[in-house]
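# can't give you the sequence, but here's the structure:
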Ligand code: MV4
């Protein structure tokens, strides 16, 4: 077994992995970016190393820097978590080359599943049912027309071959929408994956998203850990996940479990992976395979009692699975709610900022996987998911009640989160009946009811009493150490300038229309690129009208008018960069 493992990630998943490492008696190495210096995942590790500036492209995504830390720290393996480098075959190869174990699948399996057309072809050959459509790339609109008329029929979905998770996904209900859908999918594929290749599937009207968790070791043992239902999602971002899936009976469970293990065998898989699929009228279709540990792996851990991260680590160290398919049982029901710093009433706009008071729920059947704490700043640079709340109980109904109870206990002050959204959704008939809730997550009026009360202004002078003993983090040649400095407080009584107690510069209120800056100013809550500007200077707009679309962290964020009025100032143009706090427009 390894004695030290580097965790190439941040936030809740980094901490999640470190917890298992500690239980296994393995040392943990954190890496961090400059703004993450005091982040919980850094303090949770046995040792930590600075990677570089905040943008992931200069820190968490730099393969050479991460491998250099592995070498310096003596880590024998790297766990990539999810996101960042987790599904980067080149990174997996670079680890191998550097003599460091990659805690994940072989690079060849990442490659095979990374191309969705290749994956569809492989799965067909292995006898795994795929959504009807093409397995070859479709080169242009004319070719698309032909294959749709001959084999598929409308409605259809055009999907980017390099895509996944809904990126580069467009629907055409009829031929007149085909060109727009084709070009949209190709453009997004090019933008996000440098690959404009697309393929075509039959568009299923109201499927459920059901995925199968698999584990495979290097001895050829492959098992599945049953399924998860992730149908509650918005713009392909999952919001709530559960296991078992409400629409799956024991017979179907066995059938899709087998599909999962067959799919894994077909690519010579090793480690934990997920077969994503669509379930429509009792028919199950392979969609794609995620070659990483997923955000929602926890619900499976709760119903099977298996620590998926521990199994990943053991498999990477060459150990064989200690249980077979018949040893794995599903017990009770687990639900996970993603706690994102987002405002559901404002089209799920990112709501970064500093967390004030923070209290996690606890008690029977409650698990919180969090990367946040009191005083933690949710940065617009990274994913807005700050924590996951997972509950277990004997069945779906009890589990729902437990989740609502835990959501009421969860106290996150100072910024907007999805907690009110989850509380409201879990109380609906749609959820109770096990529906996909697609109507609700798109229902503007329903979401508007979740609007937050205007936040009270934070009290001034909320500074800690000066202390004479202080803990500091220092970096020596890029390696992080924690030191305690004991000395006199400064003459004015202020504490020495430690990160945690430094008085923050006065920050403008964040969030569109949050009242920051000049009256009527719409201030950008995020940093990113302006994809689209929907208004002109001098235009009259209604409340909630689209002003512009800002892309940040591969997500498109709609900036809307907080009030009706005239666009008196407009400071953005398509393709331009925008920083947090910039004034986008003034609407009066
Ligand atoms: C589909 C689909 C209908 N037909 N593909 C792909 C990524 C995932 N985030 C959702 N995806 C879908 N792919 C075909 N051929 C519908 C969806 C879909 C969806 C599926 C299940 C539950 C909720 C959904 C919400 C939006 C889109």
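Nice, thanks for sending it over. None of the values given here were measured: they were computed from a predicted structure.
# what about the residue of the stretch 1-150 of the chain found nearest the ligand, how many residues close to it?
Nearest to the ligand, among the residues of the stretch 1-150 of the chain, is residue 131, at 4.5 Å (Cβ to the nearest ligand atom). (C-beta placed from N, C-alpha, C; glycine too.) Neighbours of residue 131 under the rule other Cβ atoms under 10 Å: 21.
# residue contacts, it?
157, 201-202, 204, 278, 285-287 (Cβ atoms under 8 Å, 6 or more residues apart in numbering).
# Format those as TSV; extra columns: secondary structure and pLDDT.
As requested, these are exported to TSV (DSSP: H, G, I helix; E, B strand; the rest coil; pLDDT from 0 to 100):
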residue	secondary structure	pLDDT
157	strand	97
201	strand	96
202	strand	97
204	coil	96
278	strand	97
285	strand	97
286	strand	96
287	strand	95
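# State the distance from the residue of the stretch 351-500 of the chain found nearest the ligand to residue 83.
In the stretch 351-500 of the chain, the residue found nearest to the ligand is residue 436; the distance is 5.3 Å by Cβ to the nearest ligand atom. Separation of residue 436 from residue 83 (Cβ to Cβ, to the nearest Å): 25 Å.
# Show me which of the contacts of residue 131 is closest to residue 22.
Within the contacts of residue 131, proximity to residue 22 (Cβ to Cβ) peaks at residue 287, which comes in at 35.2 Å.
# any idea how far the ligand is from the residue nearest to the closest one when sequence neighbours are not counted?
The shortest distance from residue 287 to any non-neighbouring residue, by Cβ to Cβ, 6 or more residues apart in numbering, is to residue 276 (4.5 Å). According to Cβ to the nearest ligand atom, to the nearest Å, residue 276 stands 7 Å off from the ligand.
# what residues does this protein put near the ligand?
By Cβ under 6 Å from any ligand atom, the residues of the chain that approach the ligand are 131, 157, 165-166, 169, 201-204, 207-209, 231, 233, 236, 278, 436, 438.
# quick one: which of the residues you listed sit in strands?
The strands, defined by DSSP state E, take in 157, 169, 201-202, 208-209, 231, 233, 278 from the residues of the chain next to the ligand.
# Out of the residues you listed, which two are the most distant from each other?
202 and 233, at 20.0 Å, using Cβ to Cβ across these.
# Need phi/psi at the residue lying closest to residue 415 once chain neighbours are set aside.
Spatial nearest neighbour of residue 415, chain neighbours left out: residue 353 (4.1 Å); criterion: Cβ to Cβ, 6+ apart. The phi/psi pair for residue 353 (degrees, to the nearest 10) reads phi 150, psi -170.
# Bridged to residue 353, which residues?
Taking DSSP bridges as the rule, residue 353 bridges to residue 378.
# now swap in residue 290 and tell me
Beta-bridge partners of residue 290, as defined by DSSP bridges: residue 274.
# okay if I get the contacts of residue 131 as JSON lines plus neighbour count?
Below are the contacts of residue 131 laid out as JSON lines (neighbours: other Cβ atoms under 10 Å):
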{"residue": "157", "neighbour count": "20"}
{"residue": "201", "neighbour count": "21"}
{"residue": "202", "neighbour count": "18"}
{"residue": "204", "neighbour count": "17"}
{"residue": "278", "neighbour count": "20"}
{"residue": "285", "neighbour count": "22"}
{"residue": "286", "neighbour count": "25"}
{"residue": "287", "neighbour count": "25"}
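# check contacts around the spatially closest residue to residue 520 that is not a sequence neighbour.
Among residues not flanking residue 520 along the chain, residue 588 sits closest, at 4.2 Å (Cβ to Cβ, 6+ apart). Contact analysis of residue 588 by Cβ under 8 Å, 6+ apart lists 519-520, 565-566, 568.
# Considering those residues, which possesses the most neighbours?
Of all the contacts of residue 588, residue 520 has the most neighbours under the rule other Cβ under 10 Å, reaching 20 neighbours.
# Now do that residue against the ligand, distance only.
Counting by Cβ to the nearest ligand atom - residue 520 and the ligand are separated by 35 Å.
# Where does the prediction get shaky in the stretch 351-500 of the chain?
Along the stretch 351-500 of the chain, the model assigns pLDDT under 70 to residues 454-467, 490-500.
# Am I right that residue 216 is in contact with residue 271?
Yes. Under the criterion of Cβ atoms under 8 Å, residue 216 makes contact with residue 271 at 6.7 Å.
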